[in-house]
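S.K.: would you be able to build a 3D model of this:
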Amino acid sequence: MAAAGLLRALQAPKHYEEEDYATFTEDDIKPGAVAKPKLAPPYGKRSGFVPRKQDHFGGGGAFPECHVAQHPLGMGKEDNKLGSADTSQTIVPTTVDEKGNVSYDAIVKHGQGAGKNVLSKHNELLPKLHQITEDDLKRPDEEELLETQRRTEAALGKIVDFKLQAAQPKTLAPQPGQASYIKYTPVQKGDAHNSGAQHRVIRMSEMPTDPLEPPRFRHKKVPRGPGSPPVPVLHSPPRNLSVKDQQDWKIPPCISNWKNQKGYTIPLDKRLAADGRDLQETQINDNFAKLSEALYVAEQKAREAVEMRSKIQKELMMKEKEKKED
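M.R.: Predicted coordinates for the structure are as follows:
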C-alpha cells in the first residue's frame, strides 16, 4: 500500500514516447525477422513488473520500486556469464587483522598455498631482537604455569603407562599387525551354498613381508615445490652514473701472455697493460745512497793515504841523498 501511494504521488515522466516502450505480440513477429529488445515499462507504471532478462535493464542499474531480487549486468550471480573472467578469483574480499585494521596484504596472499608464509609487512624486515616486546619477556602467571604442568604430566604419564603395559606379562601392548574378524551374511543361502552355513566369519591379517625381497615398485623422488618467497630487500634509489664512474668500473679484457690460440695480433701497449708492470711503482732503497757515499768517502781517504805515503818516501830519499853527498 505504501508503494502504491508513493507511485500515485510521483509525477508522470515528461520525455516519454509510447513507441519506445511498445510491446510485441506473436502476430507481429514474422519468421526471419529480428525482434527488438523488450524494454521495461515507463517510470510510474511498473507495478507488478518483474525484471528477469538483461534487456529489461537497458544497460543500466536496478529498479528501486521493484521489490524483487535483481541482477543488472549479471552482478551478484554466481554463474556470471557476461564476463569471461571469473569474478570470484579476481575479487579479493576485504579482511581485517586482530587489531581491526584493514589487511592490505590479502592481495599478495591471494592464490598462495595455505602452508606458504608470505612476508608482506614492514615489521617482518626487522631483526628478531627488535621485534621482542615487553609482553614477550613477561613471566607467565600461575594459571599458565599450572596448565603447562598439567599438560606435561599428562604427556609423560601416557608414555609411562604404555611402557608399563608392554612390560607386564598379562597385558600385551596392541600391535599394528593384529588380526581382525569380520562377520557377514551371504546372499545365497541354502544347503548347496556356503556349506549350509547362515553366517560366515573372515579373519583379516596382514601378510608378512620378506625384508630381503627387492622392491616391487620403483620410487621416484617428486621435485620439491617452491618454498616461501624470500624477504624483500630494500634498495636505495638508483643514482645517475657519471663519466668518471663509468671509467672507474671499466674492466679491460683479459690478455694472456702464454696462450694465443686464435692467433690474434695484440698490440704491445695491450701486452704491457696486461703484464701489470705499469701498476708497480719503482722504489730505490736508501741503502744504495748510503753505500755509494761510503764508497766515495773510502776512495777519498785512500787517495789521501797514498799521497801522504809518497810524500814521506820522497822526503826520506832526499835525506839519504844529502847524507851521501856529505
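
S.K.: K183 belongs to a strand?
M.R.: Yes: counting by DSSP: H, G, I helix; E, B strand; the rest coil, K183 falls inside a strand.

S.K.: how about the nearest residue to it, chain neighbours excluded?
M.R.: Spatial nearest neighbour of K183, chain neighbours left out: V201 (5.1 Å); criterion: CB to CB, 6 or more residues apart in numbering. C-beta here means a position set from N, CA and C on the backbone, and glycine is covered the same way.

S.K.: residue contacts, the one you found?
M.R.: Each residue near V201 by CB atoms under 8 Å, 6 or more residues apart in numbering is listed here: 181-183.

S.K.: strands along the stretch 101-250 of the chain, start to end?
M.R.: Along the stretch 101-250 of the chain, counting by DSSP state E, counting those that start in this stretch, strands occupy 180-184, 200-204.

S.K.: how about low-confidence regions in this protein?
M.R.: Scanning the chain for pLDDT under 70 picks out 1-4, 6-7, 11-38, 78-90, 169-176.

S.K.: give me the distance from the longest helix seen in the chain to the chain's centre.
M.R.: Using DSSP state H to define each element, the chain has its longest helix at helix 286-325. Relative to the centre of its chain, helix 286-325 is centred 92 Å away, using CA atoms, centre = their mean, to the nearest Å.

S.K.: quick check: the residue nearest to K183 vs V118, distance?
M.R.: From V201 over to V118 the distance is 56 Å, taken as CB to CB, to the nearest Å.

S.K.: and if you look at G225?
M.R.: Shown here: G225 relative to V118, a distance of 15 Å by CB to CB.

S.K.: do D161 as well
M.R.: From D161 across to V118, the span is 43 Å (CB to CB).

S.K.: which of the two has more neighbours?
M.R.: V118 (14 against 10; other CB atoms under 10 Å).

S.K.: how about the helices in the protein?
M.R.: Counting by DSSP H, one finds helices in the chain at the ranges 2-9, 54-57, 87-90, 106-109, 128-131, 142-167, 243-248, 268-275, 286-325.

S.K.: which one of those helices lies closest to R216?
M.R.: helix 142-167 (32.4 Å; CB to CB).

S.K.: quick one: distance of that closest one to the chain centre.
M.R.: 40 Å.

S.K.: equivalent analysis for stretch 141-161, please.
M.R.: Here the centre of stretch 141-161 is set off from its chain's centre by 39 Å, with CA atoms, centre = their mean.

S.K.: from the contacts of V201, pick the one nearest E98.
M.R.: Closest approach to E98 among the contacts of V201 (CB to CB): I182, at 50.8 Å.
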